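[1] what's the 3D shape of this:
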Amino acid sequence: MVVMLQRSFTLMFVSPEWQAKVMGAAYFLIPLVVAWVLVNEILFGARTEKLATILESEGGLPVDELPRTPAGRIIRAAADAEFEKYKQQAEEAPGDWRSWFRLSCAYDASGDRKRARKAMRDAVNMFRAGL
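    Numbering: from 1, shown residues only. From the prediction side, this is the model:
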């Protein structure tokens, strides 16, 4: 990122061609976007860890007792059956971040990482809003 920033300043301020100046501006934006994404992911991880610590102290973390294949992968049918329990809990308490955290873990166990991250983001937002 540092090299890209250095290169962008070189293109924007040293080069006389306008095309180089436009490329320099684009080079300047890329590291900024990367830094923003990186900071967001680190904050997401830290907030998720905080919620996990709170749930662990309350005894509310889901216990991973799902059967696994010899390779260590969770058996999908068992994860899907367990998922229904957590889905029902989240539907019964839609404003409780704890149920959304557990639902996120269930999504992850079922192999749906996109929905797992969405549910975890919802849990983090609810916690931060004080719900």
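
[2] contacts and neighbour counts: CA atoms only from here.
    OK.

[3] If we ignore the residues flanking it in sequence, what's nearest residue 10?
    Counting by Cα to Cα, 6 or more residues apart in numbering, residue 24 is the residue found nearest to residue 10 once chain neighbours are left out, at 7.4 Å.

[4] which strands and helices sit next to the host helix or strand of that neighbour?
    Using DSSP states H and E, residue 24 falls within helix 18-58. When contacts are defined as 3 or more Cα pairs under 8 Å, 6 or more residues apart in numbering; DSSP states H and E, helix 18-58 sits against helix 2-9, helix 113-129.

[5] angle of the longest one against helix 18-58?
    I take that to be helix 113-129. 70 degrees (axes from the mean of the first three to the mean of the last three Cα atoms, to 10 degrees).

[6] Identify the residues contacting the lowest-mean-pLDDT helix or strand in the chain?
    Ranked by mean pLDDT, DSSP states H and E, the weakest helix or strand in the chain is helix 2-9, scoring a mean of 78. Applying Cα atoms under 8 Å, 6 or more residues apart in numbering, the external contacts of helix 2-9 come out as 23, 24, 25, 26, 27, 28, 31.

[7] Let me have those residues in TSV, extended by pLDDT, neighbour count and distance to residue 67.
    Formatted as TSV, the entries for these read as follows, by pLDDT from 0 to 100; neighbours: other Cα atoms under 10 Å; distance: Cα to Cα, whole Å:
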residue	pLDDT	neighbour count	distance to residue 67
23	81	15	53
24	81	22	54
25	82	16	53
26	82	14	50
27	80	21	49
28	83	21	49
31	83	17	43
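
[8] roughly how far apart are the residue nearest to residue 10 and residue 96?
    Here the criterion is Cα to Cα, to the nearest Å. By it, residue 24 lies 47 Å from residue 96.

[9] what's the answer for residue 52, then?
    As judged by Cα to Cα, residue 52 and residue 96 stand 14 Å apart.

[10] For residue 58, give its distance to residue 100.
    From residue 58 over to residue 100 the distance is 15 Å, taken as Cα to Cα.
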